[in-house]
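Engineer: Kindly return the folded structure for what I paste below:
(chains A and B)
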Amino acid sequence: MSATALAHPPTARQALVLVAGNPNSGKSTVFNALSGARTRVANYPGVTIDRRSATVTLAEGLSIELTDLPGTYSLAARSREEQIAVESLLGHGPRRPDAILIVADATALARALYLTVEILEIGRPVVIALNMTDEARRDGIEIDIARLEVLTGARVIPTVANKGLGTDALGAALADAIRQPVTPRPPDVARPVALVTDLAELEGVILAEREMQRPEDARVWAQWLLLSLEHEADDELANIPQAIRAAVHRVTARAAAAGRNLDLEIIGGRYQLVDRLMGEVCRTPATPRRTWTDRADAVLTHKAGGALAFAVVMMVVFQALFSWSEPAIAVIEDTVAAVQSWVTGVMPAGPLTSLLVNGVIAGVGNVVVFVPQIGLLFLFIGLLEDLGYLARAAFVIDRVMRAVGLHGRAFVPMLSGFSCAVPAVMATRTLESRTDRLLTMLVLPLTSCSARLPVYVLVTATVFAPGTTVGFLSAGAVALFAMYALSVVAALTAAAVLRRTVLKGPAPTLVLELPPYRMPVFSVLLRGVWQRVKTFLVDAGTVILALTIVLWALLSYPKDAAVSAEAEQARAAVSASGAPPEQQEAQLAAIDSHESGAQLRYSVAGRFGRLIEPALEPLGFDWRIGIGILGAFAAREVFVGTLGVVFDISEADETNEPLREVLRAATWPDGARLMTPLAGVSLMVFFVLACQCMSTVAIVRRESGGWRWPIFMVAYMTVLAYTASLAVYQVGSRLGWGL
Amino acid sequence: MWQEAGVIVIVSGAVAYLARKLFGVGPKPKKPPSFVPLSDLKRRR
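Structural biologist: As a prediction, the model looks like this:
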């Protein structure tokens, strides 16, 4: 959901074409078809959050800047996201658009026509892409395109954008609209006399406060302000002069006193026109057929059936995530071990060799090894999104969301949080009220992001022996599912508590469009998966690698010269002893291990880890895991790499076994097993609940406008994580589950 | 000796990279802003 950088920077001479349309009308697909760009497309309303632009060359070499706007049902704006769309259309952005391309869903023409009427009022050349005409035809909907062109004054091009049909004609129509611009005549919207008077009063104030390119623009603005600023609610609309706000409030107060409903007068007038247009251009079957979308929805949005289906879908996803990735992980682990052995063989022993083997190669391996799971996770999320199932899941989940005080639209950010909290926090802009948005931001980091997945996978693979099953499911899959379930419960509970304490407010209502079920375009889906895997490798992977290297240094230095000298003496004594070679080898290995452990305890990280060990012991963690947890406060992904370095060095591992084997063999000083199933669960619970991500803290600071909320977030999550982990380990130990 | 020198080069590079990525120290990539941060917005009240 993140913004795409400009494909090519636009030049000053390029015409600007804005792409507008309802959510889920296929706007991003049309944008991609025209530009060849790879904007993320999903069968879910509200995918476009930021503006994205691309330079497109149309017929006869005409170069235009095509800008995709967030989907909107109308030009009324109560959120920042909607204001971006409106300001661009009204020409209050850096440039006034030369033409506007409206993408209309042919299966929901009335809704598209409402937006079209509003855009026609702006008075810029308009081209309409009548998209999904194949689905409209299948549903028995007939649209008189020629008549629609006459009535709107805009070119109308039928398209099936996901199959590339009609996009050439659309490009040609856009080129015509730019070369020979035709300003559509204002739509014939009926307005009561009182409304016309109110609008005239506002137009006067607007023209005095803001420079307008055309006097008619003030009329468009006046209507927009009346619909957007009407309420005293905490809107986040920017750059609106106080004098204009005051005038709007004066007009709305007067209308309310006179018993008039301004919304109804403005919107009702437009809908009268839409009804008239629909009557003239669109014929729908008298009795709509019951489509298979309706039949599937009867089950998937059913109160009980929907919840059950959601649980089954999630369980299948986790089982697949766990079992399908195993072969690929084994190949990666073997390859990394082979490279480490090769480097150990060809380079002389020394600090650089140790750094390369235990820092660099292990670091790369610890990044790459999680690509199979992350790829599968994104594949499943993308598949469910594109099929149209996620909107149903949002509908089913809304009952729960509302009960805890979260807005139904927060489902999209919360779901994105399962991949990464950073874009998810940005996605909270789709929420209108600041309180709703803050609440979502503060509980979002509790949803289990993909960076936690490596930790869960490593821990479950370590503490549950291969082949352990719960019923017909592997223990690993059940543990994984339990952690995700815990993260959801924790997020919802935190929301319920925050809504009733620091962020009080009424439970908001969700209005969500359920898109028809559609087959995903697999090439687009796979490209999306690759983009996200690449982001993980490049953005997260490089940081993990760098941190692994720094950590290696912190774990290796300073060296205790006395320990080294003592080890050298012991080695010399073994060599001079004349014992059989096998016995000498065993003795030397024991000396190496002892020296490594002593040097590690002497190192910077070792001393710090031992300093905090008393606080971590009640949770079931020793100082080595403590170092991993501390490193993970920078980024959770670092945990696995950190443990790799800590345990490789502490075990003086020459055989380069996979990390899970090393962890399985690790012990407390008294010889007791370190990573018991209970310690593993305690560790995973800590990771579910702790806010261990600098990037998330940074983005929450930026989006909330200060340090207050991110500090609060880190504090409450850390306390929650420590308490829950402590409870798990202590209660579990008392019940005898600690073995 | 050369092993120590190699360690210093690699670890220094990693520290510099982290300083830039996590704390924004050093030259920043030129990238157009993709959105307006909330903190830049004027509040209504």
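Engineer: which residues of the stretch 401-550 of chain A fall in helices?
Structural biologist: Taking DSSP state H, counting those that start in this stretch as the criterion, the stretch 401-550 of chain A carries its helices at A:411-416, A:421-426, A:434-443, A:452-463, A:475-500, A:522-535, A:541-556.
Engineer: Just put these in CSV and tack on mean neighbour count.
Structural biologist: The way it works is simple: take the backbone N, C-alpha and C, and place the C-beta from them, glycine included. Shown next, in CSV, are those (neighbours: other CB atoms under 10 Å in any protein chain shown):
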stretch, mean neighbour count
helix A:411-416, 25
helix A:421-426, 23
helix A:434-443, 24
helix A:452-463, 24
helix A:475-500, 20
helix A:522-535, 16
helix A:541-556, 24
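Engineer: Among the ones you listed, single out whichever gets nearest to chain B.
Structural biologist: Comparing those by their distance to chain B (CB to the nearest CB), the top pick is helix A:541-556, with 3.9 Å.
Engineer: Which strands or helices does whatever helix or strand comes next after the closest one pack on?
Structural biologist: Next along the chain after helix A:541-556, taking DSSP states H and E as the criterion, comes helix A:561-576. In terms of contacts (3 or more CB pairs under 8 Å, 6 or more residues apart in numbering or on different chains; DSSP states H and E), helix A:561-576 is packed against helix A:581-602.
Engineer: Which secondary structure state is assigned to residue A:151?
Structural biologist: Assigned with DSSP: H, G, I helix; E, B strand; the rest coil, residue A:151 falls in the helix class.
Engineer: Tell me who's in contact with it.
Structural biologist: A:277, A:280-281 (CB atoms under 8 Å, 6 or more residues apart in numbering or on different chains).
Engineer: quick one: it and residue A:273, what's the gap?
Structural biologist: Counting by CB to CB, to the nearest Å, the separation of residue A:151 from residue A:273 is 9 Å.
Engineer: excluding its backbone neighbours, what's nearest residue A:135?
Structural biologist: Ranked by CB to CB, 6 or more residues apart in numbering or on different chains and with sequence neighbours excluded, the top spatial neighbour of residue A:135 is residue A:107, at 5.2 Å.
Engineer: Looking at that neighbour now. What's its pLDDT?
Structural biologist: At residue A:107, the model reports a pLDDT of 88.
Engineer: related to what we said a few turns ago, closest one of the contacts of residue A:151 to chain B?
Structural biologist: Among the contacts of residue A:151, and counting by CB to the nearest CB, the member closest to chain B is residue A:277, at 35.0 Å.
Engineer: burial measure for the residue nearest to residue A:666 when sequence neighbours are not counted, as a count.
Structural biologist: Spatially, and ignoring its direct neighbours in sequence, residue A:666 is nearest to residue A:674 (4.3 Å; CB to CB, 6+ apart). Residues within reach of residue A:674, counting by other CB atoms under 10 Å in any protein chain shown, total 19.
Engineer: circling back: out of the contacts of residue A:151, name the ones that lie in helices.
Structural biologist: Applying DSSP state H to the contacts of residue A:151, the entries found in helices are A:277, A:280-281.
Engineer: Buried ones from these, can you make that a ChimeraX selection?
Structural biologist: In ChimeraX, this line selects whichever of the ones in helices among the contacts of residue A:151 come out buried by 16 or more other CB atoms under 10 Å in any protein chain shown:
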select /A:277,281
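Engineer: For the ones in helices among the contacts of residue A:151, give me JSON lines that also has distance to chain B and pLDDT.
Structural biologist: Formatted as JSON lines, the ones in helices among the contacts of residue A:151 follow (distance: CB to the nearest CB, whole Å; pLDDT from 0 to 100):
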{"residue": "A:277", "distance to chain B": "35", "pLDDT": "92"}
{"residue": "A:280", "distance to chain B": "41", "pLDDT": "91"}
{"residue": "A:281", "distance to chain B": "37", "pLDDT": "91"}
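Engineer: mind checking which helix or strand the residue lying closest to residue A:473 once chain neighbours are set aside is in?
Structural biologist: Distances taken as CB to CB, 6+ apart place residue A:319 nearest to residue A:473, at 6.1 Å, with adjacent residues excluded. Assigned by DSSP H and E, residue A:319 falls within helix A:303-324.
Engineer: What residues sit buried inside that helix?
Structural biologist: By neighbour count on 16+ other CB under 10 Å, the buried set for helix A:303-324 is A:306, A:309-310, A:314, A:317-319, A:321-322.
Engineer: TSV for the helices of the stretch 401-550 of chain A, including distance to residue A:629?
Structural biologist: Formatted as TSV, the helices of the stretch 401-550 of chain A follow (distance: least, CB to CB, whole Å):
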stretch	distance to residue A:629
helix A:411-416	25
helix A:421-426	18
helix A:434-443	22
helix A:452-463	10
helix A:475-500	16
helix A:522-535	25
helix A:541-556	13
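Engineer: could the ones you listed be laid out in TSV, adding mean pLDDT and distance to residue A:88?
Structural biologist: Formatted as TSV, those follow (pLDDT from 0 to 100; distance: least, CB to CB, whole Å):
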stretch	mean pLDDT	distance to residue A:88
helix A:411-416	76	22
helix A:421-426	76	19
helix A:434-443	88	22
helix A:452-463	87	38
helix A:475-500	90	33
helix A:522-535	80	25
helix A:541-556	82	35
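Engineer: To residue A:226, which of those lies closest?
Structural biologist: With distances scored as CB to CB, the stretch of the helices of the stretch 401-550 of chain A nearest to residue A:226 is helix A:434-443 (21.9 Å).
Engineer: helices or strands up against that closest one?
Structural biologist: Here helix A:434-443 touches helix A:411-416, helix A:475-500, helix A:694-704, helix A:708-734, going by 3+ CB pairs under 8 Å, 6+ apart.
Engineer: Distance to residue A:262 for those helices - can I get that in TSV?
Structural biologist: Formatted as TSV, these follow (distance: least, CB to CB, whole Å):
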stretch	distance to residue A:262
helix A:411-416	31
helix A:475-500	31
helix A:694-704	32
helix A:708-734	35
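Engineer: Columns distance to chain B on top of the ones you listed, output as JSON lines?
Structural biologist: Shown next, in JSON lines, are the helices and strands packed on helix A:434-443 (distance: least, CB to the nearest CB, whole Å):
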{"stretch": "helix A:411-416", "distance to chain B": "14"}
{"stretch": "helix A:475-500", "distance to chain B": "19"}
{"stretch": "helix A:694-704", "distance to chain B": "5"}
{"stretch": "helix A:708-734", "distance to chain B": "11"}
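Engineer: right, and these - which one's nearest residue A:563?
Structural biologist: Residue A:563 lies closest to helix A:708-734 among those, at 33.0 Å (CB to CB).
Engineer: Next one: the residue nearest the centre of chain A relative to residue A:678, how far apart?
Structural biologist: Centroid-nearest residue in chain A: residue A:416, 3.1 Å away (criterion: CA atoms, centre = their mean). Noted for residue A:416: a distance of 33 Å to residue A:678, by CB to CB.
Engineer: just residue A:624 next, same as before
Structural biologist: For residue A:624, the distance to residue A:678 - CB to CB - is 18 Å.
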